[in-house]
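K.L.:
Sequence plus the predicted model coming up.
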Amino acid sequence: MSLRDTAINIINMMDEEQIDSFVTLFNPIVSHIPNEETMKAIEESEKLLNSPNAKKFNSVKELFEDLLV
């Protein structure tokens with residue numbers, strides 16, 4: 001049995017009060033884990049930052065000047 005299976009079995013044996021305590025304990029940890037959409041956005045931004053062909057601006061003014069051309 002895998003560690004995941006063991007954890008699922010333990011959770012399945014908990015009553016509602018125990019589950020509430022479990023969620024309260026681990027929610028701060030889990031809430032800081034980015035979801036899939038956020039991870040994709042982070043990866044995309046890292047690619048753009050590292051791309052030699054990506055436009056880069058030194059100010060918001062430069063950005064808007066480029067956009068309005």
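P.N.:
Structure received.
K.L.:
secondary structure element for Phe57?
P.N.:
Using DSSP states H and E, Phe57 maps to neither a helix nor a strand.
K.L.:
That one against Leu63, yeah?
P.N.:
Yes - proximity of Phe57 to Leu63 meets the contact threshold set by Cβ atoms under 8 Å, at 4.4 Å. Using the backbone N, CA and C atoms, a C-beta is placed for each residue, glycine as well.
K.L.:
so how many other residues sit close to Phe22?
P.N.:
Phe22: 13 surrounding residues under other Cβ atoms under 10 Å.
K.L.:
which regions of the protein lie under the pLDDT threshold?
P.N.:
Where the chain drops to pLDDT under 70, the residues are 29-31.
K.L.:
Show me the helices in it, by range?
P.N.:
For the chain, applying DSSP state H gives helices covering 3-13, 16-30, 36-50, 60-67.
K.L.:
Distance from the last one to the middle of the chain?
P.N.:
When you say that, I think you mean helix 60-67. Helix 60-67 sits 29 Å away from the centroid of its parent chain (Cα atoms, centre = their mean, to the nearest Å).
K.L.:
who touches that helix?
P.N.:
Here helix 60-67 makes contact (Cβ atoms under 8 Å, 6 or more residues apart in numbering) with Lys55, Phe57.
K.L.:
same question, the first one
P.N.:
By Cβ under 8 Å, 6+ apart, the surrounding residues in contact with helix 3-13 are Met1, Ile19, Phe22.
K.L.:
6 Å instead, please
P.N.:
By Cβ atoms under 6 Å, 6 or more residues apart in numbering, no surrounding residue is in contact with helix 3-13.
K.L.:
CA atoms only for it, dumped as PDB, please.
P.N.:
C-alpha atoms of helix 3-13 as PDB (Å, rounded to 0.1, in the frame of the first residue of the first chain):
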ATOM      1  CA  LEU A   3       1.700   6.300   1.400                       C
ATOM      2  CA  ARG A   4      -1.100   8.100  -0.500                       C
ATOM      3  CA  ASP A   5      -3.400   5.100   0.000                       C
ATOM      4  CA  THR A   6      -2.500   5.000   3.700                       C
ATOM      5  CA  ALA A   7      -3.400   8.700   4.100                       C
ATOM      6  CA  ILE A   8      -6.700   8.200   2.200                       C
ATOM      7  CA  ASN A   9      -7.600   5.300   4.500                       C
ATOM      8  CA  ILE A  10      -6.800   7.400   7.600                       C
ATOM      9  CA  ILE A  11      -8.900  10.300   6.400                       C
ATOM     10  CA  ASN A  12     -11.800   7.900   5.500                       C
ATOM     11  CA  MET A  13     -11.800   6.700   9.100                       C
END
